[in-house]
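# Sequence unavailable; structure follows:
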């Protein structure tokens, strides 16, 4: 067989796949998943929306449409984006097959092999997976309880003339759960302008806030079209619909839509038509309120259990939204080993070891706790098991 | 703004977009579209399949699934592929977002800038659009009424040591409508083996045969896993479902699924679940019979009108399946000019000028006639207009 393209060297199965396979045993309480809670899927309302799309609307819903997406859904989403503080008409927005495709297309548009991508430290594994085929180099920007540190960002930008793209999750970060402050958002956009790089603002958890409405998007501080803001229905309606969108400069949307045409022609017309029907027929904001309440309850329960059970030398920040919480163990704890040797086999509980979430210099003493899909009694029980396992592991 | 990646130079709007926009006037009879006839969408049956997917199956249908696709649909498709003469278990097949994504992922897997892709002459514009971002060079292989000419293929392979991929549509070709003979299929696969290149067998029209069942796939002659066979529901169920599949070597399927994960995570679980339900609940083969009858009727009507109306110096091959027919005008006819100056403005009729379908050395004297969506009276009327316009154009 001929040689595969060099980009394939960076396309590898995840190192944690084997570990997560162990944790798939139903006997194991797994905090590993990033899946939304299926109890929250508005299945009945979607069924009505699909029935309409496949009834009177069938000739349109089942046919091809524009690469940019179904016009009426673009209109509806643009209106929501304006309500969220961004200047956005339908020409500033196009539909993609999940936020993952936004990562792929933005990478495809900008990255030459050896270009530098700046990420938070830690960062979303799927972000790296999506950008890897474009063979960038990564630089990690120091990140604290308030998101990416702009002083360090500036330092890294200065040191890397081939910097091209900043990849960030400012709202309820995956994996850390932290939120970037407004002042930092403004500063990150300014630095991007000064150093002439683009920003990919990945915001799948933005609607899942537990307190006040979320802070202004990075896109809202963008004055010259260098921010690509990505929103998604995966965590609010359902991931199985594979429907997300990108807000960007109108000319760049046209270019991205050409890349989309080349990649997969368009999103499913039917899914877009049904989501458009759903938004028209139902009270989506009331649905969002319900899921916020639900996840807030899970978050509260998780934090209460951590407070009651967990050793004081394990640190975490209470997330103000989203699906994740980040455990910081003492530096000498290797969570890969802890999970593999103690927690999974003996205590039947799992989370995702932190080492998977670094674009460079992985730290082994961290772990991501996902709380969305577990019932509350399993959350309490699972955290008790982690606490017990940790005490045993430390006393050896 | 920073410089876009060099691959973006090859990502351009189609040159015929402006011309097709002119032809979108409802007053113009357009043979331009490659869309399937919406009268054939099995909307009621799909509505039942979606109702079930969103009822008892909702928790699964709306959630994430494997990058390779929904397991039960992989099983069903593998069985159909075996019935079509290919060795195929579920591990040899994965789901993609339309055949276009198969083109993108196969290109992404194999092509370095400067690698050579061999295409039929003419070839499918979308194939070039999909492969362009990987910056290949193209070589056109001579094609006659029986498909790609293997002698010329051998010559081109010998002359191009960087040949990596053969892109072919063996069944009811887009744009020419011709079918590759069995002997040529065997020979093309042999030549690929001898010269160590891979084959992308794009077969979206395969089920739309008008006479005997189609000839064996190139994949069925593959002994060492170098053929990527692509099938699709876009022309048989509905394009709005964006559901197609690739049959290939099991290890390469795993690699492709990792690329799929990086590109867009997975196809829509809901669409896959509903199609799986449809295949289980309905008689898909009876549906295929119905659409074959329907398109055969349109083809017969189109050919009868051509025979009755068209000047003898315009050549065409009667297609044995698919949606297209290729008009070969005398070499001195420039169909771009003919359409722009005469047919569209004066005779209110359009087809796609042939020059868009060449990977190198475009010929201007050709045109693609798509017959699927027009009612039969519009077909007759449209062909009469082409004939009249041609006579006027030639008599100037």
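Right, received. Where do you want to start? All values reported here derive from a predicted model rather than from experimental measurement.
# Report the buried residues of the helix or strand containing residue A:385.
Using DSSP states H and E, residue A:385 sits in helix A:376-395. Across helix A:376-395, burial judged by 16 or more other Cβ atoms under 10 Å in any protein chain shown covers A:379-380, A:382-390, A:393. No exception for glycine: its C-beta is placed from N, CA and C like everyone else's.
# pLDDT of that helix, averaged?
For helix A:376-395, mean pLDDT is 95.
# What is the nearest of the buried residues of helix A:376-395 to chain B?
Taking Cβ to the nearest Cβ as the measure, chain B sits nearest to residue A:379 out of the buried residues of helix A:376-395, at 19.5 Å.
# Relative to residue B:342, how far out is that closest one?
If you measure residue A:379 against residue B:342 using Cβ to Cβ, to the nearest Å, the figure is 73 Å.
# how far is stretch A:291-298 from where the chain is centred?
Taking Cα atoms, centre = their mean, to the nearest Å, one finds stretch A:291-298 lying 18 Å from the centre of the chain it belongs to.
# hmm, who's touching it?
In this structure, residues lying in contact with stretch A:291-298 by Cβ atoms under 8 Å, 6 or more residues apart in numbering or on different chains are A:37, A:39-40, A:207-210, A:236, A:322-323, A:371-372, A:374, A:376, A:379.
# Which members of those are classed as buried?
A:37, A:40, A:207-210, A:236, A:322-323, A:371-372, A:374, A:379.
# Inside helices: which ones of the residues you listed?
Secondary structure defined by DSSP state H assigns residue A:379 of the buried ones among the contacts of stretch A:291-298 to helices.
# Can you add distance to residue A:21 and give the buried ones among the contacts of stretch A:291-298 back as a markdown table?
Formatted as a markdown table, these follow (distance: Cβ to Cβ, whole Å):
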| residue | distance to residue A:21 |
| --- | --- |
| A:37 | 22 |
| A:40 | 26 |
| A:207 | 31 |
| A:208 | 28 |
| A:209 | 33 |
| A:210 | 32 |
| A:236 | 29 |
| A:322 | 25 |
| A:323 | 21 |
| A:371 | 21 |
| A:372 | 20 |
| A:374 | 19 |
| A:379 | 22 |
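# and the closest residue to residue A:313 other than its chain neighbours, backbone torsions?
With sequence-adjacent residues excluded and distances taken as Cβ to Cβ, 6 or more residues apart in numbering or on different chains, residue A:313 is closest to residue A:330, at 5.3 Å. With angles defined as degrees, to the nearest 10, residue A:330 sits at phi -50, psi 150.
# Quick check: residue A:330 touching residue A:366?
No. Contact criterion Cβ atoms under 8 Å: residue A:330 and residue A:366 do not qualify, at 10.8 Å.
# okay, the two: which has more neighbours?
Per other Cβ atoms under 10 Å in any protein chain shown, whichever of residue A:330 and residue A:366 has more neighbours is residue A:366, with 25 against 11.
# where's the more buried one relative to residue B:377, distance?
70 Å.
# swap in residue A:343?
From residue A:343 to residue B:377 the distance is 72 Å (Cβ to Cβ).
# likewise residue A:173?
From residue A:173 to residue B:377 the distance is 61 Å (Cβ to Cβ).
# One more: residue A:240?
43 Å.
# same question, residue A:361
Counting by Cβ to Cβ - residue A:361 and residue B:377 are separated by 71 Å.
# Now for residue A:321: which residues touch it?
A:171-172, A:179, A:205-206, A:208-211, A:214.
# likewise residue A:273?
A:53, A:57, A:60-61, A:70, A:73, B:240 are the contacts of residue A:273 under Cβ under 8 Å, 6+ apart.
# Go again with 10 Å.
Residues near residue A:273 by Cβ atoms under 10 Å, 6 or more residues apart in numbering or on different chains: A:49-50, A:52-54, A:57-58, A:60-62, A:65, A:70, A:72-73, B:240.
# Over to residue A:288?
Per Cβ under 10 Å, 6+ apart, neighbours of residue A:288: A:207-209, A:236-237.
# And those, which two are furthest apart?
A:209 and A:237 (16.7 Å; Cβ to Cβ).
# which of the buried ones among the contacts of stretch A:291-298 are close to chain B?
Among those, the ones lying near chain B by Cβ under 10 Å from any Cβ of the partner chain are A:37, A:40.
# for the buried ones among the contacts of stretch A:291-298, which one is nearest residue A:25?
Using Cβ to Cβ, the buried ones among the contacts of stretch A:291-298 come closest to residue A:25 at residue A:374, 14.8 Å.
# ok, the closest one - contacts?
So residue A:374 contacts A:29-31, A:33, A:37, A:298, A:301-302, A:380-382 (Cβ under 10 Å, 6+ apart).
# Let's see that with 8 Å instead.
Contacts of residue A:374 by Cβ under 8 Å, 6+ apart are A:29-31, A:298, A:382.
# if I look at residue A:204, how far off is residue B:101?
Note on residue A:204: its distance to residue B:101, by Cβ to Cβ, is 22 Å.
# How about the residues of the stretch 101-250 of chain A by chain B?
Selection of the stretch 101-250 of chain A residues close to chain B by Cβ under 8 Å from any Cβ of the partner chain yields A:101, A:104, A:108-112, A:126, A:129-130, A:132-134, A:164, A:196-198, A:224-226, A:238-242.
# ok, longest strand in chain A?
Under DSSP state E, the strand in chain A containing the largest number of residues is strand A:137-144.
# mind listing what that one pairs with, with the direction of each?
strand A:116-121 (parallel), strand A:147-148 (antiparallel) (DSSP bridges).
# for it, which positions count as buried?
Under 16+ other Cβ under 10 Å, the buried positions of strand A:137-144 are A:138-141, A:143.
# ok, which pair from the residues you listed is furthest apart?
A:138 and A:143, at 13.7 Å, using Cβ to Cβ across those.
# Find the nearest non-adjacent residue to residue A:260, please.
Going by Cβ to Cβ, 6+ apart, residue A:260 has residue A:67 as its nearest residue, at 5.0 Å.
# That neighbour: neighbouring residues, count only.
Neighbour tally, residue A:67, other Cβ under 10 Å: 20.
# try residue A:286
8.
# In what element of secondary structure is it found?
helix A:284-309.
# Quick one: residues contacting residue A:360.
Going by Cβ under 8 Å, 6+ apart, residue A:360 touches A:121, A:138-140.
# my guess is residue A:270 meets residue A:51, correct?
No. Contact criterion Cβ under 8 Å: residue A:270 and residue A:51 do not qualify, at 11.7 Å.
# what about the two, which has more around it?
Each of residue A:270 and residue A:51 has its neighbours counted (other Cβ under 10 Å); residue A:270 has more, 31 against 17.
# In contact with the spatially closest residue to residue A:339 that is not a sequence neighbour, which residues?
Ranked by Cβ to Cβ, 6+ apart and with sequence neighbours excluded, the top spatial neighbour of residue A:339 is residue A:353, at 5.7 Å. Neighbouring residues of residue A:353 by Cβ under 8 Å, 6+ apart: A:16, A:19, A:335-336, A:339, A:364, A:366-367.
# likewise residue A:92?
Residue A:92 touches A:78, A:81, A:247-250, A:253, counting by Cβ under 8 Å, 6+ apart.
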